[in-house]
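>>> I would like to see how this sequence folds:
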Amino acid sequence: MSNLSPFRGQPYLNLETYKRSGQAVPTPVWFVEHEDRLYVRTVCLFGQGQARAQQPSGAGGAL
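Residues are numbered from 1 along each chain as shown. Got it, this is the predicted structure:
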């Protein structure tokens, strides 16, 4: 059983990803807790996701 008490009552959390340079990039995301798990839903609108979305159908593959 996990301890999610630090997240209870919070509106969002920071999801931290890293650039190729190693620089951390925190992104605030909303989440929901359900059955002792945290769920986050995102839509990729930048970076590689945006570039793949602009490619002709069939080029690029899954994200």
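
>>> gap between the two ends of stretch 27-34?
The first and last residues of stretch 27-34 sit 22 Å apart, counting by C-alpha to C-alpha, to the nearest Å.

>>> I'd like the mean pLDDT over stretch 3-17, please.
Across stretch 3-17, the average pLDDT comes to 88.

>>> ranges for the helices of the chain?
47-54 (DSSP state H).

>>> number of nearby residues for the closest residue to Asn14 other than its chain neighbours?
Spatial nearest neighbour of Asn14, excluding adjacent residues (C-beta to C-beta, 6 or more residues apart in numbering): Pro26 at 4.2 Å. (Glycine included, C-beta is placed from N, CA and C.) By other C-beta atoms under 10 Å, the residues close to Pro26 number 10.

>>> likewise Leu15?
For Leu15, the count of nearby residues is 13 (other C-beta under 10 Å).

>>> and for Thr42?
Applying other C-beta under 10 Å, I find that Thr42 has 10 neighbouring residues.

>>> so who does the residue lying closest to it once chain neighbours are set aside touch?
Nearest residue to Thr42, sequence neighbours excluded (C-beta to C-beta, 6+ apart): Val29, at 6.5 Å. Val29 makes contact with Tyr12, Leu13, Asn14, Leu15, Val40, Thr42 under the criterion C-beta atoms under 8 Å, 6 or more residues apart in numbering.

>>> kindly report the same for Thr17.
So Thr17 contacts Ala24, Val25, Thr27 (C-beta under 8 Å, 6+ apart).
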